[in-house]
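Engineer: I'd like to go over a predicted model; first the sequence, then the structure.
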Amino acid sequence: NAAMAAQMSDAHRRFLQVLMSHGIMEGSEARKLHRCCCEIHKVYYAHDKLDDFITTINIRLQPLFMQIRKGMSEGDGRAHYALVNLAETEITKMASDYAENELELFRKTMDLIILSENGFACSTDILNLADQLKTKKMKKKEAEQVLKIFVEDKWLSERNGEYTLHTRCIMEMEQYILSIYQDTARKCNICHSLAIQSQVCETCGIAMHLPCVAKYFKAQTEPRCPHCNDFWPHEIP
Amino acid sequence: EDDDDDFSLSQTQTHSQVQRNLERRSRDEVNRKVSELVQFLLVKDQKKIPIKRVDILKKVIREYKDVYSEIVNQAGRILQQVFGLQLVEIDTKHHIYILTSNLPRVEGENLKRDNQTAKLGLLTIILSFIFMKGNSAKDSAVWEFLRRLRVHPGEKHEVFGDVKKLVTEEFVRQKYLEITPIPLTDPPEFCFQWGPRAAKETSKKDMLNFVAKIQQKEPSFWTSQYNEAEANP
């Protein structure tokens, strides 16, 4: 196995440093970075060997309970790479970064998002939570700032005043979310990953990511639910 | 600074003491602490927050204090071998650390920063200004210089937001800048200098080359700065 034989090099280390500072990278960005790192450090490069390159790094990350993981953006279906923390079941990475009440606000925002139909929570609803926090109340202005930081740090994504979980957050916390929200969190029927934004069959209740829907029903005139075969009621993206 | 007695190292641990203490712990337990420390350091470093030993002891090491030096050494080795990062003590009195990259800096290309790029640009300009002024500059000179670049401390900047806060608080907290009051000045004046992180992450030579590039002159045009840069790589 070529990946097992490959040694950790400065090219790998540079890739890891840059990926870490970005938090998450889109597939084409990661491929460009792979090429750059190999060029800078004069390491063997093949354009289709990014996954092997990453495996070499992951072997060294395993004892640290970390991993470079590949995931899909729920918005555009594009592949993304992120460095995730495997060890804890808590929101560990965030824990050392934010105050207690900020973490509480995040958890409550996550509740709203996961319990919602479309995977979004509107800012008004989130801000209303601010003065109900048990740890330490927050003024609305302060909560607005904290939300802004969550977006900057790529835990949340914002669109037209509504918030959903950032791809990086989903990749990092998938296991945590599936275990904490066992009964409410949805899994995509096609790719079997956690689905925050989804289309749901009104008959049998299965869910699918929007990009997965687009792919599955491509060029079909009569889209039908893959599970119960009923007519798929939603607009195909 | 070490106000909490439990979280200070009251005596330096000798190597043999640590080895004896290690025998009482399982390898798995120690490895887990090492991993926790590595993650803790990486998270703090991503935000460029200098790491205090007090926090390391309080939040990560805890009851494994007796094998502290072993855990830190192992974490340091892993950071180097896997991430190409080095744990550097920038304040030996208060025991404060930062992580710096071991990898050779790449000319021109700034692959590292994402949304931090603009801030880094502003910081570079300020650091180079300070260097060109002979390693320290008065606050009034710095703000005048930035004003000419349409960055005003009083106004909310489109990209940087509250510039005054960014420069006098964030950059100082991250140890890029050091701002000290000049005694006996009224109204109070301040002296801007490079902070310890700036010294570790860049060099006078890089700064001079940066300025030279912008002004389209040879670095040697500025004789005293050139000599200084050559003497302090």
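Structural biologist: Thanks, I have it. What you are looking at is a predicted structure, and each value in this text was computed from that prediction instead of being measured.
Engineer: now the residue nearest to A:Thr167 when sequence neighbours are not counted: how far from A:Leu129?
Structural biologist: Using CB to CB, 6 or more residues apart in numbering or on different chains and skipping residues adjacent in sequence, the residue nearest A:Thr167 is A:Ser73, 4.6 Å away. Placement of C-beta: from N, CA and C, glycine included. As judged by CB to CB, to the nearest Å, A:Ser73 and A:Leu129 stand 27 Å apart.
Engineer: returning to what we had before: which ones are touching the residue nearest to A:Thr167?
Structural biologist: A:Glu26, A:Ala79, A:His80, A:Thr167, A:Pro211 (CB atoms under 8 Å, 6 or more residues apart in numbering or on different chains).
Engineer: and of the residues you listed, the nearest to chain B?
Structural biologist: A:Glu26 (11.8 Å; CB to the nearest CB).
Engineer: contacting residues for that closest one?
Structural biologist: A:Glu26 neighbours (CB under 8 Å, 6+ apart): A:Ser73, A:Arg78, A:Ala79, A:His80.
Engineer: can we see that at 6 Å?
Structural biologist: Going by CB atoms under 6 Å, 6 or more residues apart in numbering or on different chains, A:Glu26 touches A:Arg78, A:His80.
Engineer: Show me where the chain has its helices.
Structural biologist: This is for chain A. A:2-5, A:10-22, A:27-40, A:50-61, A:92-95, A:100-115, A:123-129, A:140-152, A:167-180, A:210-216 (DSSP state H).
Engineer: sorry, should have said chain B
Structural biologist: B:15-23, B:27-46, B:53-55, B:68-78, B:117-132, B:139-148, B:163-165, B:171-173, B:196-201, B:204-215, B:223-231.
Engineer: mind checking which of the ones you listed is nearest chain A?
Structural biologist: Checking the helices of chain B against chain A by CB to the nearest CB gives helix B:27-46 as the closest, at 4.7 Å.
Engineer: Is that closest one in proximity to chain A?
Structural biologist: Yes. With CB under 6 Å from any CB of the partner chain as the criterion, chain A is reached by helix B:27-46 at B:Ser35, B:Val38, B:Phe40, B:Val43.
Engineer: if I read this right, B:Ala198 contacts B:Glu178, doesn't it?
Structural biologist: No. Applying CB atoms under 6 Å, one finds B:Ala198 not in contact with B:Glu178, separated by 8.8 Å.
Engineer: Of the two, give the one with the bigger neighbour count.
Structural biologist: Taking neighbours as other CB atoms under 10 Å in any protein chain shown, B:Ala198 and B:Glu178 compare with B:Ala198 leading, 23 against 17.
Engineer: List the contacts of that one.
Structural biologist: B:Leu127, B:Tyr176.
Engineer: Report pLDDT for it.
Structural biologist: The model reports B:Ala198 with a pLDDT of 90.
Engineer: Kindly report the same for B:Leu85.
Structural biologist: For B:Leu85, pLDDT reads 94.
Engineer: so where is chain B shaky, pLDDT-wise?
Structural biologist: Low-confidence segments of chain B, defined by pLDDT under 70: B:1-12, B:107-117, B:233.
Engineer: domain assignment for it?
Structural biologist: B:15-101, B:115-202 (the TED database).
Engineer: end-to-end on the first one?
Structural biologist: Domain B:15-101 has an end-to-end distance of 28 Å (CA to CA, to the nearest Å).
Engineer: What count of nearby residues applies to residue 204?
Structural biologist: Using chain A. 13.
Engineer: switch to chain B, that's the one I care about
Structural biologist: 22.
Engineer: Dump the helices of chain B into TSV; add distance to B:Leu184 as well.
Structural biologist: Formatted as TSV, the helices of chain B follow (distance: least, CB to CB, whole Å):
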stretch	distance to B:Leu184
helix B:15-23	49
helix B:27-46	38
helix B:53-55	34
helix B:68-78	43
helix B:117-132	22
helix B:139-148	15
helix B:163-165	24
helix B:171-173	22
helix B:196-201	26
helix B:204-215	30
helix B:223-231	28
